[in-house]
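this one's sequence-less:
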Ligand SMILES: NC(=O)N[C@@H](CC(=O)O)C(=O)O
Ligand SMILES: [Zn+2]
Ligand SMILES: [Zn+2]
């Protein structure tokens, strides 16, 4: 792990630039003394490790609408500066006009005093008008367009079945530099649910990219080693978001010891070797991988049901979870790249100038669920204690 100058030793304007791992001089002294005296002394001393990074962004987020929006928006806006807001409302956000109205509803639901910018997306349908996409993108209203194969996931009934019908839109997007965000799973009932991402790469994604040179594509919520390999083998026009929960859970979390509906999401979590490939990619610093939490709230009755909805709600404790994952991988110095730098670089936006500090201490308390006007929503349980707290 890199040891950087202490935060206190830097002028205020350099603190943001330094980023990365910052320990106070007092902590360092304690560690040095502890090293001389033996390991017992380390636990006897409270740690004051701090990590200051640029304020992060979430490149894949579900905010929903109405009472649910009101309930979940503060959880993201508390820590994140910007988020790519998914368009899978009912009915979906398909036109520039829909996106403008949805953005207004999000801004109206913003808690007072928060500084958060929603980055809007359009839901690609077989009827999407290339000119409408171009106009919405040109005026900065829409940042990306989202492709859902019809029926692949929550609220995706209006998604694409015949990819030839969206060729014109994709060509227009390549021309104007508007990225395509992809839910990368085939819906063929013959294909096993655990293989749907890998098959999508071969059957759909690779052909689309070959047919549309210059199209920027984000593989959303990557869940497999196959996906990691595909991104790594591609040129700079392909990036991928990775969720917090896919860096932590495997399919065992969902199925062992009884069905755990709050771990069920799409794409479904895979074997440990896939989770480990995602951790390796996220913690490598490779600029093609960045955070998209896919925090996707559903009320507890809708999750804890004979046919439960797919989606994990992690906005509340995502940064504490990620710091733990990166620390375990001995890669805390790469956390800033993953949550704050790689995403804006891919989207051609400047990173945030404000900073956020995580401090390590006793285990972090977070609510098991949050209350929304629609009902309770369970917060992601990583299954291990968290120690990194976002400083207020
Ligand atoms: N990820 C999920 O399991 N669910 C998302 C949809 C999605 O991102 O595919 C949702 O909207 O609930
Ligand atoms: Zn999805
Ligand atoms: Zn999603």
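The structure has been received and is ready for your questions. From a predicted model like this one, the values you see are computed outputs, not experimental measurements. Residues are numbered from 1 along each chain as shown. Ligands and ions are numbered 1, 2, ... in the order given.

May I have the predicted confidence score for residue 98?
On the pLDDT scale, residue 98 is placed at 98.

Quick one: list the elements packing against the host helix or strand of it.
In this structure, residue 98 sits in helix 96-108 according to DSSP states H and E. Helix 96-108 makes packing contacts with helix 66-77, strand 117-123, helix 130-138 when contacts are defined by 3 or more C-beta pairs under 8 Å, 6 or more residues apart in numbering; DSSP states H and E. For glycine as for every other residue, the C-beta is placed from the backbone atoms N, C-alpha and C.

Could you pull out the buried residues of the first one?
Neighbour counts using 16 or more other C-beta atoms under 10 Å place 68, 69, 70, 71, 72, 73, 74, 75, 76, 77 of helix 66-77 among the buried residues.

ok, the residues you listed vs residue 144, which is closest?
Distance to residue 144, by C-beta to C-beta, is smallest for residue 76 among the buried residues of helix 66-77, at 17.4 Å.

So that closest one is in contact with residue 297, correct?
No: if you go by C-beta atoms under 8 Å, residue 76 and residue 297 don't touch, sitting 10.4 Å apart.

what residues are shared contacts of these two?
Counting by C-beta atoms under 8 Å, 6 or more residues apart in numbering, the common neighbours of residue 76 and residue 297 are residue 315.

Quick one: name the residues of this protein near ligand 1.
Proximity of the chain to ligand 1, by C-beta under 6 Å from any ligand atom, involves residues 62, 88, 153, 154, 183, 265, 266, 294, 296, 310, 311.

circling back: buried residues in the helix holding residue 98, which are they?
Within helix 96-108, the residues that count as buried by 16+ other C-beta under 10 Å are 96, 98, 99, 102, 103, 106.

Next, the residues that contact that helix from outside, please.
With C-beta under 8 Å, 6+ apart as the test, helix 96-108 has contacts from 63, 65, 69, 73, 85, 87, 89, 92-93, 118, 120-122, 132-133, 135-136, 141-142.

Just the buried ones from those?
Using 16+ other C-beta under 10 Å, the buried ones in those are 63, 69, 73, 85, 87, 89, 92-93, 118, 120-122, 132-133, 136, 141-142.

Do I have it right that residue 240 meets residue 223?
No: with contact defined as C-beta under 8 Å, residue 240 does not count as touching residue 223 (10.2 Å).

so what's the residue of the stretch 1-150 of the chain found nearest ligand 2 up against?
Going by C-beta to the ion, ligand 2 is nearest to residue 148 of the stretch 1-150 of the chain, at 6.8 Å. Residues in contact with residue 148, defined by C-beta under 8 Å, 6+ apart, are 88, 123, 124, 156, 158, 159, 160, 183.

Angles on the backbone of it, please.
Main-chain dihedrals, residue 148, degrees, to the nearest 10: phi -110, psi 120.

Tell me the confidence at it?
With respect to pLDDT, residue 148 scores 96.

Then residue 26?
At residue 26 the predicted local confidence, pLDDT, stands at 35.

There's contact between residue 299 and residue 377 in this structure, I believe.
Yes: look at residue 299 against residue 377 with C-beta under 8 Å: they come within range, at 6.0 Å.

who's more crowded, the two?
More crowded of residue 299 and residue 377, by other C-beta atoms under 10 Å: residue 377, with 28 against 19.

Quick check: the more buried one vs residue 291, distance?
20 Å (C-beta to C-beta, to the nearest Å).

Give me the neighbour count for the residue nearest to residue 251 when sequence neighbours are not counted.
Closest residue in space to residue 251, ignoring its immediate chain neighbours: residue 269 at 5.2 Å, by C-beta to C-beta, 6 or more residues apart in numbering. Neighbourhood size, residue 269 [other C-beta under 10 Å]: 26.

count of residues packed around the residue nearest to residue 62 when sequence neighbours are not counted?
Sequence neighbours aside, residue 296 is the residue nearest to residue 62 in space, at 4.3 Å (criterion: C-beta to C-beta, 6+ apart). Residues lying near residue 296 (other C-beta under 10 Å) number 28.

Could you do the one 4 residues further on as well?
Burial measure for residue 300: 15 neighbouring residues, criterion other C-beta under 10 Å.

Just to check, it is in contact with residue 378?
Yes: with contacts counted by C-beta under 8 Å, residue 300 reaches residue 378, the gap being 5.7 Å.

ranges for the strands of the stretch 201-350 of the chain?
Applying DSSP state E, counting those that start in this stretch to the stretch 201-350 of the chain gives strands spanning 217-219, 238-242, 289-291.

Same list, these, but as a markdown table with mean neighbour count, mean pLDDT and distance to residue 336 please.
Shown next, in a markdown table, are the strands of the stretch 201-350 of the chain (neighbours: other C-beta atoms under 10 Å; pLDDT from 0 to 100; distance: least, C-beta to C-beta, whole Å):
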| stretch | mean neighbour count | mean pLDDT | distance to residue 336 |
| --- | --- | --- | --- |
| strand 217-219 | 26 | 98 | 20 |
| strand 238-242 | 26 | 98 | 15 |
| strand 289-291 | 27 | 98 | 11 |
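
Can you pull up the most central residue in the protein?
The residue lying closest to the centre of the chain (C-alpha atoms, centre = their mean) is residue 292, at 1.5 Å.

show me what contacts it?
By C-beta under 8 Å, 6+ apart, the contact set of residue 292 is 58, 59, 60, 61, 84, 218, 220, 221, 241, 242, 243, 343.

how about a cut-off of 6 Å?
Residues near residue 292 by C-beta atoms under 6 Å, 6 or more residues apart in numbering: 59, 60, 241.

Excluding residues flanking it in the chain, which one is nearest the first one?
Using C-beta to C-beta, 6+ apart and skipping the chain neighbours, the partner closest in space to residue 59 is residue 292 (4.1 Å).

Kindly report the domain assignment for this protein.
Listed by automatic domain parsing, the domain ranges of the chain are 7-47, 56-354+372-386.

Return the most buried member of those.
Of all the domains of the chain, domain 56-354+372-386 carries the top mean neighbour count, a mean of 20, counting by mean count of other C-beta atoms under 10 Å.
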